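Trainee: Task: produce atomic coordinates for the following.
(3 chains)
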Amino acid sequence: MFRYIVKRLLMMIPVVLGISFIIFTIISVTPGDPVQLIMGADTAPEVLEAKREELGLNDHFIVRYVKYIGGVVRGDFGKSYRTGLKVIDEIKARLPSTMKIALGGIGLSVLIGVPLGMISAVKQYSFVDYFARVLAMLLTAIPVFWLGLMMLLYFCLKLRWFPPTGGENWKGFVLPIIALAASATATQTRTTRSSMLEAIRQDYVRTARAKGVPEGKIIFKHVLRNSILPVITIAGMNIGVQMGGTVVIESVFAIPGMGSMLINAVRVKDAPIIVSSVIVVAVFIGLMNLLVDLIYTVVDPRLKSQYFTVKKQIKRHNRGEVSAAH
Amino acid sequence: MKRSSTGEIKRRGQLASVVHRFMKNRLSVCGLVILLALAIFSCSADLFFDYNAQAIAQNAQARFIAPFSEGHIFGTDQYGRDMFIRIVYGGRISLVVGFFTAGFALVFGTIIGAAAGYFGGRVDNLLMRFMDVFLAIPAMLLAICIVAALGGGLVNLLLANGIAQVPRYARIVRASVMGLKNSEFVEAARACGSGHTRIIFSHIIPNALGSLIVQVTLTMASAILSVASLSFLGLGIAPPTPEWGSMLSTGKEFMRQAPHLIIVPGLAIMLSVLSFNLIGDGLRDALDPRLKN
Amino acid sequence: MGVDMNQNAEKLLDIKDLSITYITDDATIYAVNGLNMELYRGETLGLVGETGAGKTTTALAIMRLLPDRIGKITSGSIRFDDVDVTAASEAEMRTLRGERISMIFQDPMTCLNPVLTIGDQIAEVLESHGITSKEELSKRVDNILTLVGLPPERKNEYPHQFSGGMKQRVDIAIALACEPQLLLADEPTTALDVTIQAQVLALMKELRQKFNTSMLLITHDLGVVAEVCDRVAIMYAGEIIEYGTVWEIFSGTEHHPYTKGLFGSIPSMSEGQRRLRPIDGLMPDPAVQLQGCPFASRCPQCSDRCTAEKPASHRAAGGNIIKCHLFEGEDAGGGNDAGTAG
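Mentor: All right, here's what the predicted structure looks like:
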């Protein structure tokens, strides 16, 4: 188990290196000079040149990437071209808001989507099922920023229930989380419904019915436990989507998070900020995927034997021989 | 066989039965109708409207007219331009974005996935690890980074979204190629002396077509959403070009006095995304009735 | 039923004029059409027929486990002991299932829940029928595992850790845990190796006698029928077309043309026969309601009457009951309908 986790963590390293290199490269080799974008086109050429030299932008991009990634290994994410502030400090200040929204969105989508999908599957063709399917259909189609704007318009500006700019206290996080959770709730509902329906049709559910097991117990003990894998998978995949969605939602609610930092950086090709954000997000998503895979093995005994040590398998094997002779 | 003719089961061709099953699904037909309406409106817009005079030029006398009044069914915006006309022209951009993003991702994803799945071993490892690198961050973030490098504008947006979608297609195609490459009919084709390309494209890919078609409709939907999001953030298509996301972005400053500035473009995005999703769902059920719930 | 050995025995299961349809988006499937069947205490009835003849559907109907919304009993009645299965409430049925009627399914690979230990799955049936104490449950599970020939220490393992034959033993353990009055065995050995088949059959026979359980054995394997069953019903296109004791079916001279075909497609060691004689054609489309005999389209002795008029049941000279116009004049014993005589 421990070895498996270490192996997975090691496997993340080339992926993070790869994505950071790709992003660093495409930002560096494409036309558009960060210094000129930051200081304005009509700045004197000498000033621009001095700034370029100061930021080390005259080096070949490979050299710059190696320097940058060397710093990252030591925990130094470089300095922003634009503000000159340490990137690590910016991230430390902004990451918590983004995490709150992203994880809040995931939590809410699971809390609503899973039960709704379950009821929808168990009571297939009922009113609840119909309602859940239509709701899911609409929620996937609604652009997250538009939903945010509409809620801002109604709940903040008209009813004044929430502050129009988020990020200051818990009230400021309510609407962003709801807006972000919308589309994830839809996919969660749909996945839960279809994997429950799939499981309900399985032979072992018929066996359970033939045993005279009460229907409620069949749903929770037999159906849910078998359909939970896709449900967890989707929740894990949604985390990635949420990290993308926060960028937009932070802009709508003016929350000073990673997203707004990234948008400002993108406009001036501020490579250290952009690449560092990418690394943080990639590591976060990688860890979440690992967590999802670990949950799998808890839920499904078949996977445990595939992932973990061979010791148990050998033990079982020996026992199997004994019982076969029995 | 001696049997009453009333009981004959109708036998249809495969395509015809897919179409039949699709048409039986009312919601999907709804989606198709919405999409067709959108396509017809945007394609024929130039017949009815003058792009520069009506969608771009400002008219200070007609600002903030509410919907359904003074001959503007969707009202006018902060510069006095008719919202309906701008929405119609915006639809053009969304459809172009949808089709080309999906097309780009389909072509490159299929080539990469087919090569990886068919040749296996090192090629597979190399290509798929490369794809995994792209999947390490969300598609939205990847698109933002690519736009950061290339700059905004329609073509760059298409590229950014297309590249971000390629890994998904590569995975789908790889999976079905891996599943089919050892099947009897491929063995037979190989035994007949068919080359690799021919085997992949005329024997294997057609079998993956169903899931690819479904994925294409879903990609179109997500591309429309993605481009609208990027434009909303000011990274995509800049005003005054009538793009739905950028209309929302500029309209949001006036949303208290003229909420229709954000309601109308939002509904347009939602309806077009909805139509693609409905069509995708209908196609999935029609192509593989076993999956239908 | 005119079979003498059962004249005084008590009827456990009585199915009258049962018809079942499956209604799907594309078609209505007439799976069972006017089926009559009886089962006495302690006896084993073999239900034989091709795939798609409606055997499994019949068994599921007895448990009232036909697929929701799709499968419907359109006419007829099923009586199990003192319970009217077609009219009973869902709660009543639940107490019946697993305790008084239980079922062994065809494919042991898919019938066990992959995420629960086999001990849990055996305990569940006992738990659902009133045994709640932990020690009692554990003891009963150990006992039944020993009975089916599995070491009780393996009860904490998961289905994927067992072989197919062992899984089928677990299924049998689940089915017999509450010592039911009626066991429905749906091709319990089809998915198993031949050697394992023999073991499982022997086990079922032994346990059935131990608990005095009646059994409906669904199979398409005539060898199994000869070995295990007391009586045999041959099913074709949702109807029972021939009915009798094992002796009557296997050695009598007069049979339904389909039964003859069925036996003709089994290789025989004793006769110097070189080729099998398969039955030509396919079973009629179950989406079509037939006017005449369902076997007419494949029957070598088919006449115009066969396609136009449903045959009644007739008693052949050997004592077996045959649903075929060919035997009309012969009625050896009363000539009543197979189901209503009795």
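
Trainee: how near is C:Ala91 to A:Tyr65?
Mentor: Distance, C:Ala91 to A:Tyr65, using Cβ to Cβ, to the nearest Å: 70 Å. Just so you know, the C-beta spots here come from the backbone N, C-alpha and C atoms, and that holds for glycine as well.

Trainee: And these two? Which one has more around it.
Mentor: Taking other Cβ atoms under 10 Å in any protein chain shown, C:Ala91 and A:Tyr65 do not tie; A:Tyr65 has more neighbours (19 against 9).

Trainee: can you pull the contacts of the more buried one?
Mentor: Contacts for A:Tyr65 (Cβ atoms under 8 Å, 6 or more residues apart in numbering or on different chains) come out as A:Phe21, A:Phe24, A:Thr25, A:Ser28.

Trainee: As TSV, these with distance to chain C would be great.
Mentor: Converted to TSV, the contacts of A:Tyr65 look like this (distance: Cβ to the nearest Cβ, whole Å):
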residue	distance to chain C
A:Phe21	42
A:Phe24	45
A:Thr25	46
A:Ser28	50
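
Trainee: out of these, which is most surrounded?
Mentor: That'd be A:Phe24 among the contacts of A:Tyr65, by other Cβ under 10 Å, with 23 neighbours.

Trainee: List the buried residues in whichever helix or strand it is part of.
Mentor: Element membership of A:Phe24 [criterion: DSSP states H and E] is helix A:2-29. Within helix A:2-29, the residues scored as buried using 16 or more other Cβ atoms under 10 Å in any protein chain shown are A:8, A:12, A:15-25, A:27-28.

Trainee: ok, for the residue in chain B positioned nearest to chain A, nearest residue in space, not its chain neighbours?
Mentor: Residue nearest to chain A within chain B (Cβ to the nearest Cβ): B:Met140, separated by 2.9 Å. Of all residues not flanking B:Met140 in the chain, A:Gly244 sits nearest, at 2.9 Å (Cβ to Cβ, 6 or more residues apart in numbering or on different chains).

Trainee: Next, count neighbours for that neighbour.
Mentor: A:Gly244 has 23 neighbours, counted by other Cβ under 10 Å.

Trainee: In three-state terms, label it for me.
Mentor: helix (DSSP: H, G, I helix; E, B strand; the rest coil).

Trainee: Read off the pLDDT value for it.
Mentor: Here, the pLDDT recorded for A:Gly244 equals 86.

Trainee: Let me see the contact set for it.
Mentor: By Cβ under 8 Å, 6+ apart, A:Gly244 lies in contact with B:Pro138, B:Ala139, B:Met140, B:Leu141.

Trainee: what would the residues you listed look like in JSON lines with neighbour count and secondary structure?
Mentor: Converted to JSON lines, the contacts of A:Gly244 look like this (neighbours: other Cβ atoms under 10 Å in any protein chain shown; DSSP: H, G, I helix; E, B strand; the rest coil):
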{"residue": "B:Pro138", "neighbour count": "23", "secondary structure": "coil"}
{"residue": "B:Ala139", "neighbour count": "22", "secondary structure": "helix"}
{"residue": "B:Met140", "neighbour count": "27", "secondary structure": "helix"}
{"residue": "B:Leu141", "neighbour count": "27", "secondary structure": "helix"}
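
Trainee: Summarise which helices and strands the longest helix seen in chain C is packed against.
Mentor: As assigned by DSSP state H, the longest helix anywhere in chain C is helix C:194-211. Judged by 3 or more Cβ pairs under 8 Å, 6 or more residues apart in numbering or on different chains; DSSP states H and E, the packing partners of helix C:194-211 are helix C:164-176, strand C:182-186, helix C:222-228.

Trainee: so it versus helix C:164-176, what angle?
Mentor: Orientation of helix C:194-211 against helix C:164-176 (axes from the mean of the first three to the mean of the last three Cα atoms, to 10 degrees) gives an angle of 20 degrees.

Trainee: Report the buried residues of helix C:194-211.
Mentor: Buried residues in helix C:194-211 (16+ other Cβ under 10 Å): C:Ile196, C:Gln197, C:Gln199, C:Val200, C:Leu201, C:Leu203, C:Met204, C:Leu207, C:Arg208.

Trainee: Equivalent analysis for stretch B:46-54, please.
Mentor: Residues of stretch B:46-54 classed as buried: B:Phe49, B:Gln54 (neighbour count, 16+ other Cβ under 10 Å).

Trainee: List of residues touching that stretch?
Mentor: For stretch B:46-54, contacts defined as Cβ under 8 Å, 6+ apart pick out B:Ala45, B:Ala55, B:Arg81, B:Asp82, B:Ile85, B:Val88, B:Tyr89.

Trainee: Would you mind writing the CA trace of stretch A:58-72 as CSV?
Mentor: Extracted as CSV, the C-alpha positions of stretch A:58-72 are listed here (Å, rounded to 0.1, in the frame of the first residue of the first chain):
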residue,chain,number,x,y,z
ASN,A,58,17.6,37.6,-22.8
ASP,A,59,18.6,34.0,-22.0
HIS,A,60,17.5,31.2,-24.2
PHE,A,61,14.2,29.9,-23.0
ILE,A,62,15.6,26.4,-22.2
VAL,A,63,18.1,28.0,-19.8
ARG,A,64,15.4,30.0,-18.2
TYR,A,65,13.2,26.9,-17.8
VAL,A,66,16.0,25.0,-16.2
LYS,A,67,16.7,27.9,-13.8
TYR,A,68,13.0,28.2,-13.0
ILE,A,69,12.4,24.5,-12.4
GLY,A,70,15.6,24.3,-10.4
GLY,A,71,14.1,26.9,-8.1
VAL,A,72,10.8,25.1,-8.0
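
Trainee: for the record, mean pLDDT for it?
Mentor: Averaging pLDDT along stretch A:58-72 gives 89.

Trainee: if we can go back for a sec, among the contacts of stretch B:46-54, which ones are in helices?
Mentor: Per DSSP H, the subset of the contacts of stretch B:46-54 in helices is B:Ala45, B:Ile85, B:Val88, B:Tyr89.

Trainee: could you flag which of those residues are buried?
Mentor: Using 16+ other Cβ under 10 Å, the buried members of the ones in helices among the contacts of stretch B:46-54 are B:Ala45, B:Ile85, B:Val88, B:Tyr89.

Trainee: Adding distance to chain C and pLDDT, write those residues out as CSV.
Mentor: Below are these laid out as CSV (distance: Cβ to the nearest Cβ, whole Å; pLDDT from 0 to 100):
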residue, distance to chain C, pLDDT
B:Ala45, 40, 81
B:Ile85, 44, 86
B:Val88, 38, 89
B:Tyr89, 42, 90
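
Trainee: Is C:Leu216 located within a strand, as I assumed?
Mentor: Yes: counting by three-state DSSP, C:Leu216 is located in a strand.

Trainee: ok, what's across the strand from it?
Mentor: Residues in a beta bridge with C:Leu216, per DSSP bridges, are C:Leu45, C:Leu184.

Trainee: Do I have it right that it meets C:Ala185?
Mentor: Yes: contact criterion Cβ atoms under 8 Å: C:Leu216 and C:Ala185 qualify, at 7.0 Å.

Trainee: out of the two, which sits in the more crowded spot?
Mentor: C:Ala185 (29 against 25).

Trainee: Quick one, grab the pLDDT at that one.
Mentor: 92.

Trainee: Name all residues that make contact with it.
Mentor: C:Ala185 makes contact with C:Met103, C:Ile104, C:Ala175, C:Met204, C:Met215, C:Leu216, C:Leu217, C:Ile218, according to Cβ under 8 Å, 6+ apart.

Trainee: give me the residue from the stretch 51-200 of chain B nearest chain C.
Mentor: Closest contact between the stretch 51-200 of chain B and chain C, by Cβ to the nearest Cβ, is at B:Gly179 (20.9 Å).

Trainee: again, but for chain A
Mentor: Scanning chain A for the residue nearest chain C gives A:Gly212, at 3.5 Å (criterion: Cβ to the nearest Cβ).

Trainee: For that residue, which residues are in contact?
Mentor: A:Gly212 sits next to C:Arg94, C:Thr95, C:Leu96, C:Arg97, C:Gly98, C:Glu99, C:Val125, C:Ser128, C:His129 when contact means Cβ under 8 Å, 6+ apart.
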